[in-house]
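# Got a predicted model here, sequence first, then my questions.
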Amino acid sequence: MTEHTVKSFDEELKRLGDMVSQMGGLAESQLQAAIEALVGRDAEQAARVVQSDARIDQLERQISNQTIRMLALRQPMAVDLREIVAALKISSDIERIGDYAANVAKRAIALTQSPPMRPVGGIARMGRLVMQIIKDVLDAYSAHDADKAVAAWKRDQEVDDMYNSLFRELLTYMMEDPRNIGPSTHLIFIAKNIERMGDHATNVAEIIHFLVRGEDISEARPKSDKTSFAVVNAPEDKP
C-alpha cells in the first residue's frame, strides 16, 4: 500500500482493511464452530453460531458506510480506488460465508433429532478444506499476495469433487432406506452450503488478484460440480 500526503487517508485505508480482516476471521470461526456443532451433535453451540451471525452483518454495514464515505470525500484513483472497492466487494462475499455458516448450524440443530449418519465425517473434511481456503485468501488479502490468492483459488475444484462424492453417497442412503431421507436431505443442503462458501472464497481470491495486479486471473475458474447431472441407480433387491 502506497504512502499518501494526507496521513489520515492512510489511516482510513488501514482501518478499512482491518475491518475486512476481522470480518473474515469471524466468518472462518463461525464455519469451524458450525462444523464442530454438527459433528458433536451440539445444539447449544449451533444456536450460538446462528446468533453470532449478527456481528458479521454489523461489520459489513460498517464497511459499506466507510467505503461510501471514502469514495465521496477522497475521490480515490488507481490503486487507492481498487483498495476501497475491493474491501466493499470482499465484505459482501464474507457476509454470505457467514450466512451459509449459520445455515449449517441451523440444520445441525435439526440433525440432533435424528440418529448419527456416517457421511457427517465427509462433510467435516469438506468443511475443514473450505476453512483452509478461507484462511489462505484472508492471509493473501492482508499480505496483498496475488500468488497466494491464486493458489487458494485453484483449490475450489477439490471442494467440488468432495461435494460430488457426498451428494451421490447421500442419494444412495436415501434410496436404500426411506428413514434416511430426512437427515440425508439436511446433509445435502449442508454440503451445498459449504460448497457455496468455497465459491465465495474464490470470489475473494479473484478480487485480491485484481487489487494487486490490476487485472483478472487469466485462467478459467476451476469448477467441477456435476450434481445437476448426477444419476444414481436404485439398489438391487436383496434375495
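Here it is on my side, so go on.
# what's the offset of whichever strand or helix holds residue 108 from the middle of its chain?
Residue 108 is part of helix 78-111 when elements are defined by DSSP states H and E. Relative to its chain's centre, helix 78-111 lies at 7 Å (C-alpha atoms, centre = their mean, to the nearest Å).
# buried stuff in it?
80, 82-111 (16 or more other C-beta atoms under 10 Å). (Glycine included, C-beta is placed from N, CA and C.)
# cool, and stretch 180-192?
Quick answer for stretch 180-192 (16+ other C-beta under 10 Å): 180, 183-184, 186-188, 190-192.
# Equivalent analysis for stretch 136-143, please.
Under the neighbour-count criterion of 16+ other C-beta under 10 Å, stretch 136-143 has 136-138, 140-141 buried.
# any idea of the mean pLDDT in that stretch?
Average pLDDT, stretch 136-143: 97.
# Need the residues that contact that stretch.
Identification of contacts with stretch 136-143 by C-beta atoms under 8 Å, 6 or more residues apart in numbering yields 17, 20-21, 24-25, 28, 90, 145-146, 148-149, 151-153, 155, 201, 204-205, 208.
# Now, the residues you listed that are in helices?
Under the assignment DSSP state H, those contribute 17, 20-21, 24-25, 28, 90, 146, 148-149, 151-153, 201, 204-205, 208 to helices.
# Please identify the helix or strand for the residue nearest the centre of the chain.
The centre of the chain sits closest to residue 197, judged by C-alpha atoms, centre = their mean, with a distance of 2.7 Å. For residue 197, the host element (DSSP H and E) is helix 181-213.
# thinking again about what came up before, JSON lines for the buried residues of stretch 180-192, including pLDDT and distance to residue 62?
Shown next, in JSON lines, are these (pLDDT from 0 to 100; distance: C-beta to C-beta, whole Å):
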{"residue": "180", "pLDDT": "92", "distance to residue 62": "44"}
{"residue": "183", "pLDDT": "95", "distance to residue 62": "38"}
{"residue": "184", "pLDDT": "95", "distance to residue 62": "39"}
{"residue": "186", "pLDDT": "96", "distance to residue 62": "33"}
{"residue": "187", "pLDDT": "97", "distance to residue 62": "35"}
{"residue": "188", "pLDDT": "97", "distance to residue 62": "35"}
{"residue": "190", "pLDDT": "97", "distance to residue 62": "29"}
{"residue": "191", "pLDDT": "97", "distance to residue 62": "32"}
{"residue": "192", "pLDDT": "97", "distance to residue 62": "30"}
